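Colleague: 3D, please:
(one chain, ligands or ions: 2)
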Amino acid sequence: MARVYISSLLLTLMFHIVIVAGQGPLQDFCVADTKSQVMVNGFACKNPSSVEASDFFFSGLHMKGNTSNPVGSKVTLVTVKELPGLNTLGIAMARVDYEPWGLNPPHFHPRATELLTLLEGTLEVGFVTSNPENRFITKVLHKGDVFVFPMKLIHFQRNIGNTKALAISALSSQNPGIVTIANAVLGSKPDISIDILAKAFQTSEEVINNMQLKF
Ligand code: GLV
Ligand code: MN
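Modeller: Ligands and ions are numbered 1, 2, ... in the order given. Prediction:
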């Protein structure tokens, strides 16, 4: 009886150790080898002896993104694609530029929590919790404020000032991804059938058709 108990305890312990060991990197770094044909979750590692400082470096976030678009904002991402040293490290960066009254429209990151720091301007930000509450949590941010958008929840930011705004975000994935709600729902390729969207939004097919034409 005691033997059975001890071996099941050992098994539980081993399982725990494996889980814990799998939570973080198992080596100092794993710089992305973007040319490797090996299919893994992320990128295969470059040979550590051929890694250079430039693999851990990106330059360019001092440059304003091009906000000449219908929403008046631009997200410039620094992910594992731009900075191979991020591979396996679970973090990325973004610069977000906003014209006066520019909007970073409702979207979510399928693989990341976002921690936004406002460097210039005034932003109205918000996110919506999951069903059935769909609670809308919103706040006005000023220079130096920090706000967290929890992983996978729909969120937005709008510049509510008459000057440009600038934010920097940290994202908890090397490849956070962005799903912009309007583009995904109304601009999918091919289109989702108009009658499906009309029923989902409880509106007419004509309204949906007009919206689809914009995306
Ligand atoms: C970036 O995706 C952002 O929401 O700031
Ligand atoms: Mn975001």
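Colleague: Buried residues in the helix or strand encompassing residue 169, which are they?
Modeller: Using DSSP states H and E, residue 169 falls within strand 165-171. Neighbour-count burial for strand 165-171 flags 165, 166, 167, 169, 170, 171 (criterion: 16 or more other Cβ atoms under 10 Å). For the C-beta atoms, the positions are set from N, CA and C on the backbone; glycine is no exception.
Colleague: Give me the nearest residue to the third one, chain neighbours excluded.
Modeller: To tie it back to what came earlier, the one meant is residue 167. In space, and not counting its chain neighbours, residue 167 is closest to residue 96: 4.5 Å by Cβ to Cβ, 6 or more residues apart in numbering.
Colleague: Kindly state the pLDDT recorded for that neighbour?
Modeller: As summarised for this prediction, residue 96 has a pLDDT of 98.
Colleague: Correct me if wrong: it contacts residue 169.
Modeller: Yes. Residue 96 is in contact with residue 169 according to Cβ atoms under 8 Å; the separation is 6.5 Å.
Colleague: Now for these two: what residues contact both?
Modeller: Counting by Cβ atoms under 8 Å, 6 or more residues apart in numbering, the shared contacts of residue 96 and residue 169 are residue 116.
Colleague: So residue 104 belongs to a strand, correct?
Modeller: Yes. Under DSSP: H, G, I helix; E, B strand; the rest coil, residue 104 sits within a strand.
Colleague: Tell me how this protein divides into domains.
Modeller: Per automatic domain parsing, the domain ranges recorded for the chain read 57-176, 178-215.
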